[in-house]
Each structure stands twice: as structure tokens, then as C-alpha cells.
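*Asks:* For reference, the sequence and a predicted model appear below.
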Amino acid sequence: MRRHLAPALALALTAALTAPPPAAADDTGREVLPAGDGWAWAGGGTTGGAAATAGNVFRVSTPAAFRAAIAGDEPKIVYVDGLIDANTAPDGTPLGCDDYAVDGYSLQEYLETYDSLVWGREDPSGPLEEARDASRAVQAERIRYRVGSNTTIVGADGGGELTGMNLLVQDVRNVILRDLTFSDTHDCFPGWDPGDGETGNWNAEYDHVEVSGSRNVWIDHNTFDDGERPGAAQPEYFGRKYEVHDGLLDIVRAADLVTVSWNDFDGRDKALLLGNSDGRTTDRGYLRVTWHHNHFDGLGQRAPRVRFGQVHVYNNLYTVRGDLHQYSLGAGVESQLHVENNLFDLRDGHTADTLLYNWGGTDVAGSGNALMTGGGGRISGVDLVAEHNAANPDRPLGSEAAWVPQYTTGVQPVHALRGLERKVGAGLL
């Protein structure tokens, strides 16, 4: 149990969510979003479980204890102690993909049955596809965890790790996630979609964190990675990468007022999605998100890709490297991106015309963005829109500002971002 405030003071303040007890110097669980820190400051601010009584402060180290602690809407603080692996049986036995398989499912038989030379390009169907879906449901029940409103989840003693877990922040409000490592949320039963693209694709189900239909969420000082199952090490089947991971962080379905700060996002292809459908017009007026002081390291695409929302992307470091890279920022349908004072470190021959791509947007506003090469050297300014338009004259973007960001704690000059990779992620609070 962590140190808490005197009972009389805590009792006087627990009823007032907007006025939580002050944090002790070493008590990150009581810390709230700083004033003005991005979109999560709007709508009354984001305090998570800072008003929790002593009885609603938990230190957990097992999947069952974690699931119980994060449930419900009473203010609560949950300290994650060490590593919690969602792929674990109630008795503590580690679970592998074979443990979830039901109804006779096997990957080898799946590959033999739905090979396009045998099956064609129709969607998979029949008993084996039904067995895959049933097996997927068994795993989903084990690894999906739902967070209640008014919750702070924070790593204990220098950071906790949630591995194999799909954390859902769904239809709730006032949630803080800090000082956590989210690692290797893998799908044991990816589905084959022969109609996805020209040659088909494998599609995995689970994000590390999904914020869906929720508001006032602060995601700060976390690490997101593939853990011991890097995407580059996955085999190819049907000529396509066997994709066992989905996104690192998705913010979708009219989620709103979110600040994502001081995180390390590492090595994923389709990494960060804001809005998950061009046709979901109910997202208009929502998906307002601030991204600042994050390190986007070796991502393939979607850093982030945006639909509909007013999104402020400032003071982030992009390390653009590796074979995965296609583009960084994606301007989708009705997106209102404001991209300001970010530093793009170009490596492995990547060029500035791949930093932005138009996925149906009209304008991307912003200024002060800059390039460097290979982690050092001279910093030089870059016009992201001009670089994109020169390389993609058939899908040009304008640079008009549809809105002006009003919530920041101060935009730093871009040269201050050198070395940001050493200041982000879990274990640094």
C-alpha cells in the first residue's frame, strides 16, 4: 500500500473529483493532468483516481487482481507491481496459443484450406473459419480488460508492465495511464482477408490500448512495443506477413479530449489511429487529441493517422528508420491536423516527402518542423505540406488552419528535442 493523506483531509475531498487531494512528493498515483496540458484539460480536466479513498488504492501483481481493481466507476488508484501477463491461467500457468484453440482449429489446416490456389479469393467460411473465430473468442475473454471511469493506473516503483493485454478504455471518462510498459498484445488467431488489397492480408484483432467512446483521458510516460514477438520476425503465409499485432494505441468511436504525452512508441507498422472509418460521420466534433513530447521510433505508418478530429501534434521526435516506414502523419477525411515544432530524424535513406500523406484530407496546418539526419548534425526547417505535394501532385494538401490550438503547457523550440528519446517512456517519472 502506498502512503496516503491524513484521513480527515482525504474524507473532505473525495467527493470533489475536480479537487483531489494533493499528491505527495513520491506519489504518482495522486498526480493529475497539469493545467492546460492539451485537450484532456478541456471539459473539467483529467484527474483519474486522484480522489480515491484509502480503501480504493490497490497494488496488484496478478491478472485477477488487476481485473478486479480497475472495474467500477468509484475513484481508484491501481499500482501495477512488476509484470502482469494477460496470457496466464488463474493458477498462474502461462498460456500459449494452443491453449486457446477449440473445435479442432489448427493453423496448418487453416493454411491448407484457404490457400488461394485451393479456395480462391472468397472470404474464408465453413467449420475451420468458425473454429478460428471461436478460438479467437476464447483468447479475447482472457486478455481483454475494461477500465472503469475515474481511474489512475500507474507503474509501481519505477514502472509496471502489462504484456499480452488488450486494455479497453471504452465508454468511460476521466482515466489516467502512466509509467506502464504495454508489450506484445498478440492475436493467436489472425484472420485471412483475401480481398484486403491486391493480394490479401492477415488482420489481427487487438491493440495494446483502445480508447473508444471515452473522454478526458491522459496517457503519459508509457512504453509501447512488441516485446519478445517483433513483427519483423513473423513468417509469411500466402505471400503476406503473418500479422499477429494490430495497433499500439487507437482512439476511436467519438472518443474525445485526450492528451498523449512523453510516451515511447516503438517498431510497429500500423501504429496509432484516430478514427477508424471514413464513413463514421458521428465522429464529427469529437476525436480532439493532443500529442506532445512522444518518441515515434521506427514506425511504419499512422503516427498518427487522423480522421475528423482537431489534433495538435507538437514537440515530438520522429526517428524514421527501417524497412517498415511508409509515411508518418496521415491526413484523413475531415481531419484538422495542426503539426508544430516536431523534429524528424531521417535514417536509412528515408526522405522528407514520406513524412506526410493525404488519405482524403484537405489541409494540414503548422510550422516550425525540422529535419536532422542520423541522430545528429545540423537541424534544418522543413515544410511538410510542400514536400508532400511535390511528391504527390495528384493528391495535394493545403496549409490553412481550421482552428487554433489553445491548450498547451508551452511549445518548445525544435532544437530542444535533441535527446528526447532518453526522457520518454516508462520508468522515468
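*Replies:* Thanks, I have it.

*Asks:* Look at Glu130 and tell me its secondary structure.
*Replies:* Recorded secondary structure, Glu130: helix (DSSP: H, G, I helix; E, B strand; the rest coil).

*Asks:* Was I right to think it contacts Asp103?
*Replies:* Yes. Contact criterion Cβ atoms under 8 Å: Glu130 and Asp103 qualify, at 7.0 Å. No exception for glycine: its C-beta is placed from N, CA and C like everyone else's.

*Asks:* low-confidence ranges in this structure?
*Replies:* Across the chain, the ranges flagged by pLDDT under 70 are 1-26.

*Asks:* partners of the residue sitting nearest the centre point of it in the sheet?
*Replies:* For the chain, the residue nearest the mean C-alpha position is Leu249 (1.6 Å; Cα atoms, centre = their mean). Under the criterion DSSP bridges, Leu249 forms beta bridges with Val209, Leu272.

*Asks:* what sits against it?
*Replies:* By Cβ atoms under 8 Å, 6 or more residues apart in numbering, Leu249 lies in contact with Asp207, His208, Val209, Glu210, Val211, Ile219, Phe224, Val260, Phe265, Ala271, Leu272, Leu273.

*Asks:* now swap in Leu384 and tell me
*Replies:* Per Cβ under 8 Å, 6+ apart, neighbours of Leu384: Leu329, Val339, Ala352, Leu355, Leu356, Val364, Gly366, Asn369.

*Asks:* For the first one, name its beta-bridge partners.
*Replies:* As for beta bridges, Leu329 partners with Leu356 under DSSP bridges.

*Asks:* Pro304 is in contact with that one, correct?
*Replies:* Yes. Contact criterion Cβ under 8 Å: Leu329 and Pro304 qualify, at 7.2 Å.

*Asks:* Show me whatever sits in contact with both of these two.
*Replies:* The contact lists of Leu329 and Pro304 share Val313, where a contact means Cβ under 8 Å, 6+ apart.

*Asks:* can you put the contacts of Leu249 in CSV and add distance to Ala390?
*Replies:* As requested, those are exported to CSV (distance: Cβ to Cβ, whole Å):
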residue, distance to Ala390
Asp207, 34
His208, 35
Val209, 36
Glu210, 36
Val211, 35
Ile219, 34
Phe224, 32
Val260, 30
Phe265, 28
Ala271, 25
Leu272, 25
Leu273, 27
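
*Asks:* pretty sure Val364 contacts Leu329?
*Replies:* Yes. Between Val364 and Leu329 there is a contact under Cβ under 8 Å: 7.3 Å.

*Asks:* what touches both of those two?
*Replies:* Common neighbours of Val364 and Leu329 (Cβ under 8 Å, 6+ apart) are Leu337, Val339, Leu356, Leu384.

*Asks:* Export those residues to a markdown table and append columns for distance to Glu243 and secondary structure.
*Replies:* Listed next are the shared contacts of Val364 and Leu329 as a markdown table, based on distance: Cβ to Cβ, whole Å; DSSP: H, G, I helix; E, B strand; the rest coil:
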| residue | distance to Glu243 | secondary structure |
| --- | --- | --- |
| Leu337 | 27 | strand |
| Val339 | 28 | strand |
| Leu356 | 25 | strand |
| Leu384 | 28 | helix |
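
*Asks:* Put the buried members of the residues you listed into a ChimeraX selection.
*Replies:* This is the ChimeraX syntax for the buried subset of these, where burial follows 16 or more other Cβ atoms under 10 Å:
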select :337,339,356,384
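
*Asks:* re the thing from before, tabulate the contacts of Leu249 in a markdown table, adding columns for neighbour count and distance to Pro396.
*Replies:* Below are the contacts of Leu249 laid out as a markdown table (neighbours: other Cβ atoms under 10 Å; distance: Cβ to Cβ, whole Å):
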| residue | neighbour count | distance to Pro396 |
| --- | --- | --- |
| Asp207 | 27 | 32 |
| His208 | 28 | 34 |
| Val209 | 25 | 34 |
| Glu210 | 24 | 33 |
| Val211 | 29 | 32 |
| Ile219 | 27 | 33 |
| Phe224 | 28 | 33 |
| Val260 | 30 | 28 |
| Phe265 | 29 | 28 |
| Ala271 | 27 | 25 |
| Leu272 | 28 | 24 |
| Leu273 | 23 | 24 |
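
*Asks:* what's the closest of these to Asp196?
*Replies:* Here the nearest of the contacts of Leu249 to Asp196, counting by Cβ to Cβ, is Leu273; it sits at 15.9 Å.

*Asks:* In contact with the closest one: list those residues for me.
*Replies:* Gly247, Leu249, Asp250, Ile251, Val252, Arg302, Pro304, Arg305.

*Asks:* do the same with Asn201
*Replies:* For Asn201, the contact set (Cβ under 8 Å, 6+ apart) comprises Trp192, Asp193, Arg240, Glu243.

*Asks:* And the helices in this structure?
*Replies:* Listed in chain order, the helices found in the chain under DSSP state H are 7-13, 63-70, 97-100, 107-114, 116-119, 127-143, 384-391.

*Asks:* Let me have those in CSV, extended by distance to Glu161.
*Replies:* CSV is the format used below for these (distance: least, Cβ to Cβ, whole Å):
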stretch, distance to Glu161
helix 7-13, 29
helix 63-70, 11
helix 97-100, 21
helix 107-114, 28
helix 116-119, 39
helix 127-143, 14
helix 384-391, 35
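
*Asks:* Leu428: which of those helices is closest?
*Replies:* For these, distance to Leu428 was read as Cβ to Cβ. The smallest value, 22.2 Å, belongs to helix 63-70.

*Asks:* For Asp193, give its distance to Gly92.
*Replies:* 36 Å (Cβ to Cβ, to the nearest Å).
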